[in-house]
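>>> structure of the sequence below:
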Amino acid sequence: MDFLQDKIKKKQFLCNYSVFLLNGMLALSIGSLLPFIRDARGLDYAFCGLIVSLHSVGNLFSSFTAGLLPVAIGRKKSILFFNLFFALSNVVISFGNHNWCIAMAFFLTGVARGATSNFCNTAINSLAPGKAWTINGLHAMFSVGAFLFPILLTLFTATGESGWITACYFMLAMGILSWILYAMI
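This next block holds a predicted model:
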């Protein structure tokens, strides 16, 4: 744990862990929100299957581009660009009225999820090479975020049918917070 003695490395470590917790909330909010989005937008089950698949396609797409874009514009600019998609997608989900807007938003959540995963894993590995506990802890943070969001969604939707919009606003705020944490790294 000697790498945590350096203030800069400690800040990077804590910010990456925090971002990955938020990534768990942001990435897995899609499945929890989908029944509310389906009902509010009148989507059929086939389209819902398509947009969940588009989330996975976005994740796969970012696996390639998140490795290439940093070469062209740098790691920090690249992750700030990709991470912006979390906030943008929640705005589109909240206000988009067309199916193609919702489909694009789900694709972008996948892109942001994959890029965040790629960046955080790489950053933690470079901070503490060969220390498996750091990666295991990072993925535990993702799990904590994934566990927390359905509980929060239950609280948001307990107030009525439009509570899912409040949850989207919360996720928008978490996307912005994630972006700010990346800007600090």
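
>>> doesn't Gln12 make contact with Ala123?
Yes: assessed by CB atoms under 8 Å, Ala123 is found in contact with Gln12 at 6.4 Å. Every residue, glycine included, has its C-beta placed from N, CA and C.

>>> common neighbours of those two, please.
Ile185 (CB atoms under 8 Å, 6 or more residues apart in numbering).

>>> and Tyr169, which helix or strand is it part of?
helix 163-184 (DSSP states H and E).

>>> run a quick neighbour tally on Leu80.
16 (other CB atoms under 10 Å).

>>> any idea how far Lys10 is from it?
Distance from Leu80 to Lys10, counting by CB to CB, to the nearest Å: 21 Å.

>>> check the spacing between Ala167 and Glu161 real quick.
If you go by CB to CB, the gap between Ala167 and Glu161 works out to 12 Å.

>>> likewise for Leu60?
In terms of CB to CB, Leu60 sits 34 Å off from Glu161.

>>> also Gly175?
23 Å.

>>> who's more crowded, these two?
When Gly175 and Glu161 are compared for neighbours, Gly175 comes out ahead with 25 against 10, by other CB under 10 Å.

>>> got a list of what that one touches?
Gly175 neighbours (CB under 8 Å, 6+ apart): 22, 26, 83-84, 86-90, 112.

>>> inside helices: which ones of the residues you listed?
22, 26, 83-84, 86-90, 112 (DSSP state H).

>>> for Leu54, state which of those is nearest.
Checking these against Leu54 by CB to CB gives Ser89 as the nearest, at 11.0 Å.
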